[in-house]
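Chemist: Give me a model of this one.
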Amino acid sequence: MAAIWPDAPALRRPRIVRQQWLDLTFLHWAVDPAAVAHLFPPGTRPDVFEGRTYIGLVPFRMVGTGLPHGPSVPYFGTFLETNIRLYSIDTTGRRGVIFLSLDANRLAVVAAARTVFALPYRWAHITHTTTGGTHSYTSTLRWYGVRASSTIVVETGPRVPTDPLADFLTARWGLHTHRAGRTWYLPNYHPTWQLHSAEVTKLHMPGLFPSVGLPEPAEPPDHVLHSPGVPAEFGLPLNPALRPSAARRTGFPPDRPSG
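Modeler: Have a look, this model is predicted:
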């Protein structure tokens, strides 16, 4: 398996969306790839690090969403989100994420993202507060037929150097989604993450993992990091069924594997 690079490959134009991801906390649990393989769309499989794949829980602030040029979308372009994600690789070697849920506190955003990108957004009441190095996130679903919530409190520490596992979990330059009978790859670009140590001081999430078909985690997270955030841009969706030579033309040359 090719190494993962912490800096993004070039993103081909045209760009379709820009936004900022701020005050992110990355919580991860290591799992057997076979335990989650059934949740991946056709043409993708779990990406692994030293024989294990990971479930990620990531609360953060989305700020300034808009088109590539001009002002961001007022009100609806800024919201809070908590997502659950898995780590994917497709037949062309593109690494990405699979979102099992993206809970947001803007109902119009939820409806638009589900319709346009077929992403599993759900409406939720979400809060984020910060005092010094303490970040607190809460989320309660407002989704029909589903009862789930989460409370996450972390104490953040100094900046930490990157390492292979941190790169595997955070240096992801796109997402895989299934729409209209096909699996698509939506590439993104952002600066290299500034990562900080973080310690979980409170974690309570009744029903959250079962709401996306995962068992309740029996242990605390195996890996926790925090980042003040990055600006990000998305390009046009790509079809992972492309031949490897075509995949290289979309921005992943042989000496720069996707990650």
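
Chemist: pLDDT weak spots in the stretch 51-200 of the chain?
Modeler: Scanning the stretch 51-200 of the chain for pLDDT under 70 picks out 71-72, 74-75.

Chemist: which residues of it fall in helices?
Modeler: Taking DSSP state H, counting those that start in this stretch, the helices of the stretch 51-200 of the chain run over residues 107-116, 164-170.

Chemist: Who are the packing partners of the longest one?
Modeler: Under the contact criterion of 3 or more C-beta pairs under 8 Å, 6 or more residues apart in numbering; DSSP states H and E, the helices and strands touching helix 107-116 comprise strand 95-104, strand 121-131. (C-beta placed from N, C-alpha, C; glycine too.)

Chemist: ranking the helices of the stretch 51-200 of the chain by burial, who's on top?
Modeler: Counting by mean count of other C-beta atoms under 10 Å, helix 164-170 has the highest mean neighbour count of the helices of the stretch 51-200 of the chain, with a mean of 19.

Chemist: Show residues contacting that helix.
Modeler: 3-6, 26, 28, 47, 49, 54, 56, 87, 160, 193, 195, 223, 225, 227, 259 (C-beta atoms under 8 Å, 6 or more residues apart in numbering).

Chemist: want to throw the helices and strands packed on helix 107-116 into CSV with mean neighbour count?
Modeler: Shown next, in CSV, are the helices and strands packed on helix 107-116 (neighbours: other C-beta atoms under 10 Å):
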stretch, mean neighbour count
strand 95-104, 23
strand 121-131, 17
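
Chemist: Any idea which of these gets closest to residue 210?
Modeler: Closest approach to residue 210 among those (C-beta to C-beta): strand 95-104, 11.2 Å.

Chemist: what angle sits between that closest one and helix 107-116?
Modeler: 140 degrees (axes from the mean of the first three to the mean of the last three C-alpha atoms, to 10 degrees).

Chemist: Show the subsequent helix or strand relative to the helix or strand containing residue 30.
Modeler: Residue 30 is part of strand 15-31 when elements are defined by DSSP states H and E. Later in the chain than strand 15-31, the nearest helix or strand by DSSP H and E is helix 33-36.
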